[in-house]
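Undergrad: kindly return the folded structure for what I paste below:
(4 chains)
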2 protein chains.
Amino acid sequence: MPPSSPKATMHDVSRLAGVSKMTVSRVLADPDLVSESTRNKVMKAIEQLSYVPDRVAGSLSSRRTNFITAILPTLTNSNFADTAQGLAEAMRPADYQLLIGYTMYRLEEEERIIRAMLARRPDAIVVAGTTHTKAANEMMLRAGIPIVEIWDTPEHPIDHAVGFSNYEVGRAAALHLLGLGHRRIGALGSRMDSDAKDLRGESRLAGFTSVLREAGLSDELVIRAGEAPVSYDHGAVTLGILLERAPDVEAVFAVSDISAVGALMECHRRGIKVPDDLSLMGFGDFDIARQCVPAITTIRIDAERIGRKTGELLLQVLDRSPDTEHLPASAVNVGFDLVIRQTTATSKKRR
Amino acid sequence: MPPSSPKATMHDVSRLAGVSKMTVSRVLADPDLVSESTRNKVMKAIEQLSYVPDRVAGSLSSRRTNFITAILPTLTNSNFADTAQGLAEAMRPADYQLLIGYTMYRLEEEERIIRAMLARRPDAIVVAGTTHTKAANEMMLRAGIPIVEIWDTPEHPIDHAVGFSNYEVGRAAALHLLGLGHRRIGALGSRMDSDAKDLRGESRLAGFTSVLREAGLSDELVIRAGEAPVSYDHGAVTLGILLERAPDVEAVFAVSDISAVGALMECHRRGIKVPDDLSLMGFGDFDIARQCVPAITTIRIDAERIGRKTGELLLQVLDRSPDTEHLPASAVNVGFDLVIRQTTATSKKRR
DNA sequence: ATCAAGCATGTTATCGGTATCATTACAAGT
DNA sequence: ACTTGTAATGATACCGATAACATGCTTGAT
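TA: Next up, the predicted model:
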């Protein structure tokens, strides 16, 4: 560890510059309030002492930390990483710093993180998902700061929301496969009885199932196995389960492109031709879905945009001076797109 | 925004429990110091008031924030995300919170981030890379906190280091391709004359080139084009440039699997057979490299382990009581592995 | 009975800033 | 000349915790 010289404080700067602490503070916070000559003196003193302001003290005094807490399922999912980067990008001009936490798809972990984060007194909380533990909900409500739930459209939003309907995504997927003439249709998701569950993935499955039912089809081929987060392996394994249950399955929707890719590889291994023998689609529009051979049909959501929109929303909400009215809770739906590529095709039976 | 009830302070808790602030503080920080009966009283008061301690105030008072700054090129690279997650995982038991910043491969941005982060008074800094601006170097030196440079092996470490030699990675790649009998050997990297440059990628190219030279080969097929971070497109485009320059190229090393995948797809499109017509290898062992058809030969580094090792190192360094000697600066080399898959094969000319 | 040691708790003094109000000086309006 | 306004700066009082030291009370060894 390098040697530590005692750090200069604002007081040191003010003495060297021959002004009061308050003037130094003004030079840093709002230079226009200070005359040019004083400002120059202060700047020189700051330079000389290599003064770095202490935002910890500043935050305590001003009751604003400029921290934004972002709670995501995991960082190692490019979609969530995109959202985080989009959010950080949008907030940076206003000098906000992200406090990122990840839950590993566990609600208890989310609660733990929220509790820990609140002690840091963030100016706002962004949280992926709309389902939280009771305690988590209460803590966020009580925090008295803007809350933004992202990556889904909550029925009962805590405050603001930016996302899309996972349920509708599932419906769109099912409608696409039905529209191709398939009747034996399955889906691949993760288990819901474990600690780590993908609630948004489950919403997609629910929407998917609803369409199947409406079409008079059964939902027995909707497979739920393995823990979130899903993996290539998950796709391969669950496809195996599905094929055992229904060797004649014609079309499959995986709750994530990652699973879809794994399923596709499993098809390669088993000599199942995609899309001739089996239509396959995923969700997320991950890079790999586009690069696969054949390229995978998927549903695209603009993850980075969710982050950016959230950031823009927060800037509006946070910029308000304390006396103006609170901005009403808002819900932004960023939508999604069905991207038809090469892994889904018209049912042979129909041709 | 939900209504804000004025938050309870430690003082409120102490009054309700009929003890002093200090006792409340002790219950939270070191419960064993307090008798069971008092502890219970305090806990009940905390519960009743939904008290959430203010770590901003605590940090100011104790001069410890329990923040660790982590500076990475980007979050949207699964390798760096893995490192961040490994680091966070290792530090969590000790209740450290990561402050993540990303530089987009720009040194000036790194400097800006370091300056901003130091104002948050982190207890340590973790930074990817060993090359920094002069000002950044000085700031880190002066900060008086542990610094860990990761993802490379610095010649002149600021303090600690955890990584591997990118130069040696490049050499290993070149030796592998040479060992297969190839003589017309190229490489794909990014430009070094732009703001955003991948210095570690450049080290790999340098190591790669050094082997070519030693073998009496020229380095004219080492292509540098496009800005960091590289993309699938980058691989496709730079391979095009390379093929134009040398249609007879036999083997290619891409500084990233991402580029390698892009190059592989370009080969598909051009009808170039891999590895029969061209041997191709990448770096990073990204999931996609394994899942590709054919699976890509690559060099694996355990990114998550770099994060974990860094975390463990920091825990050691930070746990020392102030009076013990500083732990000497250390350098951990986590090494790398050559993973031979299906995109590299013996030169036909040699067969 | 005496006293040192130790446990449980309290008191006081910061930590390094910012909010708020006060003050000074000077220019402009009447 | 007298108020009034405004620009520039200063003085004071916190913000909500913890460090460090002080105190009172047991307890057990001698």
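Undergrad: show me the helices in the stretch 151-300 of chain A, by range?
TA: With DSSP state H, counting those that start in this stretch as the criterion, the stretch 151-300 of chain A has helices at A:166-179, A:199-214, A:232-245, A:257-270, A:287-291.
Undergrad: redo these as a markdown table? Include mean neighbour count and mean pLDDT.
TA: All C-beta spots, glycine's among them, are computed from the backbone N, C-alpha and C. Output for those, formatted as a markdown table (neighbours: other C-beta atoms under 10 Å in any protein chain shown; pLDDT from 0 to 100):
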| stretch | mean neighbour count | mean pLDDT |
| --- | --- | --- |
| helix A:166-179 | 22 | 98 |
| helix A:199-214 | 21 | 98 |
| helix A:232-245 | 20 | 96 |
| helix A:257-270 | 24 | 94 |
| helix A:287-291 | 21 | 84 |
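Undergrad: now stretch A:299-316: mean pLDDT?
TA: Averaged over stretch A:299-316, pLDDT sits at 97.
Undergrad: okay, buried residues for it please.
TA: A:299-314 (16 or more other C-beta atoms under 10 Å in any protein chain shown).
Undergrad: is it in proximity to chain B?
TA: No: figure legend: stretch A:299-316 not in contact with chain B (C-beta under 8 Å from any C-beta of the partner chain); closest approach 8.5 Å.
Undergrad: and stretch A:235-249, by the same measure?
TA: No: using C-beta under 8 Å from any C-beta, stretch A:235-249 stays clear of chain B, coming no nearer than 10.3 Å.
Undergrad: what sits up against that stretch?
TA: With contacts defined as C-beta atoms under 8 Å, 6 or more residues apart in numbering or on different chains, stretch A:235-249 is touched by A:184-186, A:188-189, A:220-221, A:223, A:225-226, A:252, A:254, A:258-267, A:270, A:278.
Undergrad: just the terminal-to-terminal distance for stretch A:179-193.
TA: End-to-end distance of stretch A:179-193 (C-alpha to C-alpha, to the nearest Å): 32 Å.
Undergrad: would you mark the buried spots in it?
TA: Buried positions in stretch A:179-193, judged by neighbour count with 16+ other C-beta under 10 Å: A:Leu180, A:Gly181, A:His182, A:Arg183, A:Arg184, A:Ile185, A:Gly186, A:Ala187, A:Leu188, A:Gly189, A:Ser190.
Undergrad: quick check: residues of chain A near DNA strand C?
TA: A:7, A:9-11, A:21-22, A:25, A:28-29, A:51, A:53-54, A:57-58, A:60-62, A:64 (C-beta under 7 Å from any atom of the strand).
Undergrad: near DNA strand D, which of the residues you listed show up?
TA: A:Lys21, A:Met22, A:Ala57, A:Leu60, A:Ser61.
Undergrad: could I get the buried residues of stretch A:179-193 as a markdown table with distance to chain B?
TA: Below are the buried residues of stretch A:179-193 laid out as a markdown table (distance: C-beta to the nearest C-beta, whole Å):
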| residue | distance to chain B |
| --- | --- |
| A:Leu180 | 25 |
| A:Gly181 | 28 |
| A:His182 | 25 |
| A:Arg183 | 30 |
| A:Arg184 | 27 |
| A:Ile185 | 25 |
| A:Gly186 | 22 |
| A:Ala187 | 21 |
| A:Leu188 | 16 |
| A:Gly189 | 20 |
| A:Ser190 | 18 |
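Undergrad: and the furthest pair within those?
TA: Using C-beta to C-beta, the buried residues of stretch A:179-193 span at most 28.4 Å, a distance reached by A:Gly181 and A:Ser190.
Undergrad: quick one on the thing from earlier: for the ones next to DNA strand D among the residues of chain A next to DNA strand C, which one is nearest B:Leu107?
TA: Nearest to B:Leu107 among these, with distances taken as C-beta to C-beta, is A:Ala57, at 29.6 Å.
Undergrad: which stretch of helix or strand covers the closest one?
TA: Assigned by DSSP states H and E, A:Ala57 falls within helix A:55-62.
Undergrad: and that helix, how far out from the chain middle?
TA: Put simply, helix A:55-62 sits 29 Å off its chain's centre (C-alpha atoms, centre = their mean, to the nearest Å).
Undergrad: packing partners of it?
TA: helix B:55-62 (3 or more C-beta pairs under 8 Å, 6 or more residues apart in numbering or on different chains; DSSP states H and E).
Undergrad: which residues are in contact with the helix or strand just after the helix it packs on?
TA: Toward the C-terminus, helix B:55-62 is succeeded by strand B:67-72 as the next helix or strand (DSSP H and E). When contacts are defined by C-beta under 8 Å, 6+ apart, strand B:67-72 is touched by residues B:80, B:83-84, B:87, B:91, B:96-103, B:110, B:113-114, B:117, B:120-128, B:314.
Undergrad: would you mind listing what in the stretch 101-250 of chain A touches DNA strand D?
TA: Nowhere does the stretch 101-250 of chain A come near DNA strand D, counting by C-beta under 7 Å from any atom of the strand.
Undergrad: quick one, strands of the stretch 101-250 of chain A?
TA: Secondary structure of the stretch 101-250 of chain A (DSSP state E, counting those that start in this stretch): strands at A:124-128, A:147-150, A:160-163, A:185-189, A:222-224.
Undergrad: leaving out sequence neighbours, find the closest residue to A:Leu16.
TA: A:Ala45 (4.0 Å; C-beta to C-beta, 6 or more residues apart in numbering or on different chains).
Undergrad: how close does that neighbour sit to A:Ala17?
TA: As judged by C-beta to C-beta, to the nearest Å, A:Ala45 and A:Ala17 stand 4 Å apart.
Undergrad: shared neighbours, these two?
TA: A:Val24.
Undergrad: burial count for the residue in the stretch 151-300 of chain A positioned nearest to DNA strand C?
TA: Here the residue of the stretch 151-300 of chain A nearest DNA strand C is A:Asp159; by C-beta to the nearest atom of the strand that distance is 23.8 Å. Applying other C-beta atoms under 10 Å in any protein chain shown, we find 24 residues neighbouring A:Asp159.
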